[in-house]
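Colleague: With the sequence up front, the predicted model follows.
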Amino acid sequence: MKRKVTKAVFPVAGLGTRFLPATKSIPKEIMTLVDRPLIQYAIDEARAAGIKEFIFVTSRGKSALEDYFDHSPTLEEALRSAGKNELLAILNGTDMESGAIAYIRQHKPMGLGHAVWCARRLIANEPFAVILPDDVIAAEIPCLQQMAEAYEETGGNMVATMEVPHEKTKAYGILDVDRDLGDRVLVKSMVEKPKVEEAPSNLAVIGRYILTPRVLHNLDQNLRHNRLGAGGELQLTDAIAAEIDGQGVYGYRFKGQRFDCGSKAGFLQATVSFAMARPELRDEFMDYLVDLVAMREAAQ
C-alpha cells in the first residue's frame, strides 16, 4: 500500500543574485506576482496536494521569509476594527499552524541535492515532495495535485517534465525515455545539464518532485563518498537516477503553464499573465499594454 505524501521540502537558501539589488535585503521568494509572493503560490499548491508538513531549507538572511508565515496580531486587529473582512481573510490564508512548518539551515551552497539532504531527518522514512518556488505553474488543477493523483497509481519516484527547445537542454535535467505512457513517461536514464549535442531528449525536469526515502539514502552516500555531479554540486538528479532500476522513475507531463521566475524575463512574463487572469485588473491593464505598444511603435 502506497503511503500518502504529506511532507514537502522547499529549497529557499539561494541568494537570488539575478535580482540584485532587491535581494540584498529581501528574500527572492518574498517578491510578489501582483500581490502574492512567490512562496505563497508554492504553499497553496502544496496544500491543494494534501501536504501537511512544510520544511523550508533556508540560509542566513531569510528571516523575512519566516516572518511572512507568522501571525500579525496588530494588523489583524486593525483590519477587523475597520471592517475589512475580505482583506482579513486573505491575511489569514498566509498563516501557518504551529508545528506545521520547520526551518533548516543550509550552511554551504552545494546544490539542490544538498538542500534536500539537509531535510533528511525531518522526512525520515516517508515519501515526500520537493517544490522549487522559482517555478510557478499556472494550472486549473495545481501541478503537485496532478502529480499526487498520478503517484497514487504508479508509486516510485515522479518528476514534473515539459518539452523545452533543444538548444536549452543544457540548462536542465533531461530525461531519456524508456516508454511513453501519455501523461507519464517511464524513465530510462537522467542527465543533469548535458551538452546540447548529448541531450537524450528535450524533456526537461521542472521543479516539482515526489520522491521515495531511497533518494535521501542515495544523496547521503554520494555526499559521504564525495560523488558530486555537474558543477561540483550534490545533484538531486543523480540520486533520483539511481532509483530507475529499483523503485522506478516517472516523468509527469503536467497540464499548465510554467514560468521561470528565477529569471527576470520569466518573472515579468508571470506578472503579466497573472495580472491578466485577475478580472478586477484585466481591462485596465490590457488598455495600458495596448497603449504602451502603440507608443513604442509610433516612436520607431
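Modeller: Arrived safely. Numbers count the residues shown, from 1 in each chain.
Colleague: Tell me how many other residues surround residue 158.
Modeller: By other CB atoms under 10 Å, 27 other residues sit near residue 158. For the C-beta atoms, the positions are set from N, CA and C on the backbone; glycine is no exception.
Colleague: list the helices and strands the strand or helix carrying it packs on?
Modeller: Counting by DSSP states H and E, the element that carries residue 158 is strand 157-163. If you count contacts as 3 or more CB pairs under 8 Å, 6 or more residues apart in numbering; DSSP states H and E, strand 157-163 packs onto helix 143-154, strand 173-180, strand 203-211, strand 249-253.
Colleague: With distance to residue 4 and mean neighbour count added, can I get the ones you listed in CSV?
Modeller: Listed next are the helices and strands packed on strand 157-163 as CSV, based on distance: least, CB to CB, whole Å; neighbours: other CB atoms under 10 Å:
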stretch, distance to residue 4, mean neighbour count
helix 143-154, 8, 19
strand 173-180, 26, 18
strand 203-211, 11, 24
strand 249-253, 17, 24
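Colleague: Would you reformat these as TSV and include distance to residue 101 and mean pLDDT?
Modeller: Converted to TSV, the helices and strands packed on strand 157-163 look like this (distance: least, CB to CB, whole Å; pLDDT from 0 to 100):
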stretch	distance to residue 101	mean pLDDT
helix 143-154	17	94
strand 173-180	28	90
strand 203-211	19	95
strand 249-253	26	95
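Colleague: picking up where we left off before, so how far is the strand holding residue 158 off the chain centroid?
Modeller: 12 Å (CA atoms, centre = their mean, to the nearest Å).
Colleague: before we move on, what about stretch 86-100?
Modeller: With CA atoms, centre = their mean as the basis, the mean position of stretch 86-100 lies at 21 Å from the chain mean.
Colleague: now do stretch 197-211
Modeller: Worked out by CA atoms, centre = their mean, stretch 197-211 lies 14 Å from the chain centre.
Colleague: just stretch 291-300 next, same as before
Modeller: 36 Å.
Colleague: Distance to residue 279 added to the helices and strands packed on strand 157-163, as CSV?
Modeller: Formatted as CSV, the helices and strands packed on strand 157-163 follow (distance: least, CB to CB, whole Å):
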stretch, distance to residue 279
helix 143-154, 23
strand 173-180, 37
strand 203-211, 28
strand 249-253, 29
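Colleague: just so I know, which of the ones you listed lies nearest residue 132?
Modeller: Of all those, it is strand 203-211 that lies closest to residue 132, at 2.8 Å by CB to CB.
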